[in-house]
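S.K.: Got a sequence here, can you build the structure:
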Amino acid sequence: MPRNILPVKLHEIREGIVTDILHNGMGVIFAAENYPIKMVDAFLGERIQYEVIQVDRLAAFGQVLKVIEPSPQRVDADKAYLLEAGVAPYVNLAYPGQLALKKWQVEKSFAEVGLEDVLVADTIGTQQATHYRNKTVVPLKYQDGVLTTGFYDRKDKVTIVPMEDYFVNDRLIDQTIGLVRDVLAAHQVTVYNDATKQGDMRYIMVRRGYYSHEVMVVLVSHVAQLADEALIAKEIAAVVPDIKSIILNHNPRQTNQQLTGDNRTLWGADAIHDTLLGRDFVIGPNSFYQVNPQTTEVLYELAANKGELKPTDTIIDAYSGIGTIGLTVADKVAQVYGVEVVERAVEDAKLNVAKNHIENAEFVAADAPLQMQTWKDAGMKPDVVFVDPPRKGLTEELMDAVTYMKPDRFVYVSCNPVTMARDTKYMLENGYQLKGAIQPLDQFPQTAHIEAVALFVPHD
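M.R.: Down below sits the predicted model:
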């Protein structure tokens, strides 16, 4: 088929079978060999009747009209608004079906780089598949004269889909968003508009400690000072249960970045606390702290078990954040070294070391690949290296440093199976082999995101 002749027409009504799921949870029906039709709320194996709603040269988008042959795992959650905003693309898939699909996503990622023989274990699930997140950041906007919170419609990216029940957040966080919004509305706070470059407020962020129950509210503002900010903070503190901290985050940047590092405390403490595997952690506005506290404990215990830790071990915790992995295993090993590029996170890690009276952990602020090279050049010989990188995965420089140091065990914690598969292939080509199966773990029920843990050891 010539590329200028498309296999579908706008508003055409078609039928097809879903044969793929994208990383964002959208189902795919192929109208031709290399021409995907992408649509929300369509699962593997389902026969779908759909309308073509957008046509591009390389792909199209469809709107599900009818599920002719549904998956046995399909349910009706009656929460279409979550699909409109893209919050929970798997909301109409029963939880066992979600776990099976996420295992398939990991297997698919490895097969796409030629590693179809890699063993992938069944996905570890959670007992609480809804209302689990301990943090959220939501936009706000005046719509029809009413200050509205929710998430932007995935189609027009302009209209906020109003929400009171976000389905994936701790219920008290959802309640807090509404309370804070109503205080802001009562003070007629303006909202920043990207087109006019006018207005004050951008986002509301809420964090809540799972064990401590401490709540932090962050008002993200385009301006350095809100009108009536002291009174606003006082009123928020009066209505939000368990509130410990109210922060103003000044974000004048013309980017999609939600928060900057410019924080000012309006009321209460500068940070909140929570515990993880018996350790106390300081959590500030910018701290990276896993959003699902229940499965995070399972994840880190799994990573520690994969590492086969010994009391004589020296370990490196790369991409260490506020020290969560390193500090939760410090009592099992001789020495912990952590590296994190975000200086504020390293400051938090050092606070966490002191607060937990840990004497065998050191953290440095540096780019992880460069610091690994520095440690390599200094002759460091770790027994175990843990990595928990962002979605873009590892650099070849970091992996080269690992292979040069040649630790006995290399534990990879991933939030993106695509980059994990790519990096696994590199490690297998450079002196390491997998030991045991890739273990997926569901940190993010109702969504397409999946964590996975793997153990690498040197080739025999």
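S.K.: Look at Thr295 and tell me its secondary structure.
M.R.: When classified by DSSP: H, G, I helix; E, B strand; the rest coil, Thr295 comes out as helix.
S.K.: need the contact list for it.
M.R.: Ile124, Thr126, Tyr132, Leu441, Asp442, Gln443, Glu451 (CB atoms under 8 Å, 6 or more residues apart in numbering). Quick note: C-beta positions are derived from backbone N, CA and C, even for glycine.
S.K.: and with 10 Å instead?
M.R.: Counting by CB atoms under 10 Å, 6 or more residues apart in numbering, Thr295 touches 124-128, 132, 302, 441-445, 451.
S.K.: Give me the buried subset of these.
M.R.: Buried members of the contacts of Thr295, scored by 16 or more other CB atoms under 10 Å, are Ile124, Gly125, Thr126, Tyr132, Leu302, Leu441, Asp442, Gln443, Phe444, Pro445, Glu451.
S.K.: Any figure for the gap between the first one and Thr424?
M.R.: Here the distance between Ile124 and Thr424 works out to 19 Å (CB to CB, to the nearest Å).
S.K.: Return the distance of the lowest-mean-pLDDT helix or strand in the chain from the chain's centre.
M.R.: Lowest on mean pLDDT, DSSP states H and E among the helices and strands of the chain sits helix 368-377, with a mean of 88. Relative to the mean C-alpha coordinate of its chain, helix 368-377 is positioned 26 Å out (CA atoms, centre = their mean, to the nearest Å).
S.K.: hmm, back to that, from the contacts of Thr295, which is closest to Lys102?
M.R.: Nearest to Lys102, judged by CB to CB, of the contacts of Thr295 is Asp442 at 6.1 Å.
S.K.: Surely that closest one and Val106 touch.
M.R.: No. At 11.2 Å, Asp442 does not count as touching Val106 under the criterion of CB atoms under 10 Å.
S.K.: overlap in contacts of those two?
M.R.: Common neighbours of Asp442 and Val106 are listed as Thr123, Ile450, Glu451 (criterion: CB under 10 Å, 6+ apart).
S.K.: Tell me, how many residues neighbour the first one?
M.R.: Thr123: 22 surrounding residues under other CB atoms under 10 Å.
S.K.: Just send the shared contacts of Asp442 and Val106 back as TSV, with secondary structure and pLDDT too.
M.R.: Listed next are the shared contacts of Asp442 and Val106 as TSV, based on DSSP: H, G, I helix; E, B strand; the rest coil; pLDDT from 0 to 100:
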residue	secondary structure	pLDDT
Thr123	coil	98
Ile450	coil	96
Glu451	strand	96
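S.K.: now Val168: how far from Lys66?
M.R.: Counting by CB to CB, the gap from Val168 to Lys66 is 27 Å.
S.K.: Which one's more surrounded, these two?
M.R.: It is Val168, of Val168 and Lys66, that has more neighbours when counted by other CB under 10 Å, with 23 against 11.
S.K.: Break down the stretch 251-400 of the chain into its strands, ranges please.
M.R.: Here the stretch 251-400 of the chain has its strands, by DSSP state E, counting those that start in this stretch, at 263-268, 272-276, 279-283, 314-318, 335-340, 361-365, 384-387.
S.K.: Ends of stretch 248-265, what's the gap?
M.R.: 6 Å (CA to CA, to the nearest Å).
S.K.: Might you calculate how far that stretch sits from the centre of the chain?
M.R.: Distance, stretch centre to chain centre, for stretch 248-265: 20 Å (CA atoms, centre = their mean).
S.K.: for stretch 133-141, same thing?
M.R.: Put simply, stretch 133-141 sits 13 Å off its chain's centre (CA atoms, centre = their mean).
S.K.: do the same with stretch 264-276
M.R.: The answer for stretch 264-276 is 22 Å, by CA atoms, centre = their mean.
S.K.: And it, end to end?
M.R.: Termini of stretch 264-276 sit 27 Å apart (CA to CA).
S.K.: So for that stretch, what gets flagged as buried?
M.R.: Buried-residue list, stretch 264-276, by 16+ other CB under 10 Å: Leu266, Trp267, Gly268, Ala269, Ala271, Ile272, His273, Asp274, Leu276.
S.K.: Any idea how many residues pack against the nearest residue to the third one once chain neighbours are set aside?
M.R.: If you skip the residues right next to it in sequence, Gly268 has Ser245 as its closest partner in space, 4.5 Å away by CB to CB, 6 or more residues apart in numbering. Look at Ser245: counted by other CB under 10 Å, it has 22 neighbours.
S.K.: again with Ala378
M.R.: A count of nearby residues for Ala378, using other CB under 10 Å, gives 7.
S.K.: Just list the residues touching it, thanks.
M.R.: Shown in contact with Ala378 (CB under 10 Å, 6+ apart): no residues.
S.K.: which element is Glu84 on?
M.R.: helix 80-85 (DSSP states H and E).
S.K.: gap between that helix and the chain center?
M.R.: How far helix 80-85 lies from its chain's middle: 19 Å, per CA atoms, centre = their mean.
S.K.: Test my guess that Glu397 contacts Ala318.
M.R.: No. Under the criterion of CB under 10 Å, Glu397 makes no contact with Ala318, lying 11.7 Å away.
S.K.: from the buried ones among the contacts of Thr295, which single one is nearest Lys406?
M.R.: Among those, and counting by CB to CB, the member closest to Lys406 is Leu302, at 23.7 Å.
S.K.: For the closest one, give me its contacts.
M.R.: Here Leu302 is in contact with Ile124, Thr295, Val411, Val413, Gln439, Leu441, Glu451, Val453 (criterion: CB under 10 Å, 6+ apart).
S.K.: just Thr314 next, same as before
M.R.: 333-337, 360, 380-385, 407.
S.K.: same check, this time on Gln128
M.R.: Asp170, Asn292, Gln294, Thr295, Pro445.
S.K.: Can you tell me the closest non-neighbouring residue to the first one?
M.R.: Spelled out, it's Asp170. Arg208 (5.3 Å).
S.K.: Could you report the distance from the one you found to Val215?
M.R.: From Arg208 to Val215 the distance is 5 Å (CB to CB).
S.K.: and if you look at Asn251?
M.R.: With distances taken as CB to CB, Asn251 is found 21 Å from Val215.
S.K.: Ok, Ala230 next?
M.R.: Distance, Ala230 to Val215, by CB to CB: 19 Å.
S.K.: How about Lys103?
M.R.: Relative to Val215, and taking CB to CB, Lys103 is found at 35 Å.
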